[in-house]
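1. Whatever this is, show me its structure:
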Amino acid sequence: MLADAVRVPVPDSLESRSIQRVLLAFDGSPGAWKALERAIEVAVGQHARLTIAGVVEEPTVWCGCGPGVLPYTREMLRHDLEREMELHLAMARDEVPATVSVDTRVLHGRPASVLAALAESGHYDLVVAGPRPAGRLRRLFGRSVTHALLTRSSASVLAVKA
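-> Just a heads-up that it's a prediction; the model follows:
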């Protein structure tokens with residue numbers, strides 16, 4: 001009976017609509033690697049530009065009881081976190097085929113906020129994100145970056161399960 005169905009013409013504006021810019025939220029976790037695979041598939045299939053973005057949050061310094069001197073400064077911790085993120089992004093970039101135009105971005109701040117801001121300012125058509133890290137405290141108190149992107153960005157969001 002499907003052959004007898006009436007075909008409704010698709011407007012030209014929707015036919016020509018494609019994904020041109022893909023943003024991947026990447027943190028180096030196993031879920032992020034899975035999201036990278038999916039983002040590459042989309043970028044290859046749509047001939048889209050891929051941006052892999054990692055976020056470095058402000059380091060938190062915890063102090064124990066009693067006076068003591070920590071051998072690390074906040075700047076040293078921030079530098080170490082930036083370097084680690086740069087290594088994760090370089091490894092991810094190396095997985096992208098040469099046929100895909102790719103760039104990487106290191107962002108600073110709260111992941112949901114800075115990724116949503118980048119998605120808007122960069123005019124991305126699709127944001128790809130992996131699952132939030134598992135953990136009891138994360139489930140109780142933290143909203144996922146994916147959920148925040150859905151509510152804060154006008155771009156489509158693809159949530160990839162690990």
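2. Tell me where the protein has strands.
-> Per DSSP state E, the chain has strands spanning 21-25, 49-56, 102-108, 126-129, 156-159. These are given in chain order.
3. would you turn these into TSV with mean pLDDT, distance to Leu150 and mean neighbour count?
-> In this view, the C-beta of every residue, glycine as well, is placed from N, C-alpha and C. What follows is those, written out as TSV (pLDDT from 0 to 100; distance: least, CB to CB, whole Å; neighbours: other CB atoms under 10 Å):
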stretch	mean pLDDT	distance to Leu150	mean neighbour count
strand 21-25	96	12	26
strand 49-56	96	17	23
strand 102-108	96	19	16
strand 126-129	94	9	27
strand 156-159	90	5	18
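4. got the ones you listed as TSV, with distance to Arg38 columns?
-> Shown next, in TSV, are the strands of the chain (distance: least, CB to CB, whole Å):
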stretch	distance to Arg38
strand 21-25	9
strand 49-56	11
strand 102-108	15
strand 126-129	6
strand 156-159	7
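5. and of the ones you listed, who's closest to Leu87?
-> Leu87 sits nearest to strand 49-56 of all these, at 9.9 Å, using CB to CB.
6. Give me the spatial nearest neighbour of the residue nearest to the spatial centre of the chain, chain neighbours excluded.
-> The C-alpha lying nearest the average C-alpha coordinate of the chain belongs to Ala25 (CA atoms, centre = their mean; 0.8 Å). Leaving aside its chain neighbours, Ala25 sits nearest to Ala129 (4.3 Å; criterion: CB to CB, 6 or more residues apart in numbering).
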